[in-house]
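A.B. asks: sequence and computational prediction follow.
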Amino acid sequence: MVAIAGIVLTAVLIAMLEVPAMRKRRLKKELFLFFAILLLAAGIGIAQSLHITLPNPLDWVAAVYGPIGRLVDSALK
């Protein structure tokens, strides 16, 4: 529970530091993207602190490029 509170507190502090400057410069698209990435990162951090198994993005890359690599390899032999 302490880890979750720390993650949320850190996300809030980061937002408090970054958002005023972005609002002042009227960076609406960047502000939306900032919040999306911040919420994604906080969510992943909370999931890891709860010991939830998260998928590895490298597995997805291997699943996509594995067949292509085998095809190219067989074509070059």
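C.D. replies: Received, thanks.
A.B. asks: where along the protein do the strands fall?
C.D. replies: Read by DSSP state E, the chain holds no strands at all.
A.B. asks: for it, name the helix or strand with the lowest mean pLDDT.
C.D. replies: Taking mean pLDDT, DSSP states H and E as the measure, helix 57-76 is the helix or strand of the chain with the lowest mean score, a mean of 93.
A.B. asks: hey, C-alpha coordinates of that helix in CSV?
C.D. replies: C-alpha atoms of helix 57-76 as CSV (Å, rounded to 0.1, in the frame of the first residue of the first chain):
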residue,chain,number,x,y,z
PRO,A,57,6.7,-6.0,-25.3
LEU,A,58,9.7,-7.9,-26.6
ASP,A,59,7.5,-11.0,-26.9
TRP,A,60,5.1,-9.2,-29.2
VAL,A,61,8.0,-8.0,-31.4
ALA,A,62,9.4,-11.6,-31.6
ALA,A,63,5.9,-12.9,-32.5
VAL,A,64,5.6,-10.4,-35.3
TYR,A,65,9.1,-10.5,-36.7
GLY,A,66,9.9,-14.2,-36.0
PRO,A,67,8.0,-15.6,-39.0
ILE,A,68,9.4,-12.8,-41.2
GLY,A,69,12.9,-13.6,-40.1
ARG,A,70,12.5,-17.3,-40.7
LEU,A,71,11.1,-16.5,-44.2
VAL,A,72,14.0,-14.3,-45.1
ASP,A,73,16.5,-16.8,-43.6
SER,A,74,15.0,-19.7,-45.7
ALA,A,75,15.1,-17.5,-48.8
LEU,A,76,18.8,-16.7,-48.3
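A.B. asks: any weak-confidence spans in the chain?
C.D. replies: Within the chain, no stretch has pLDDT under 70.
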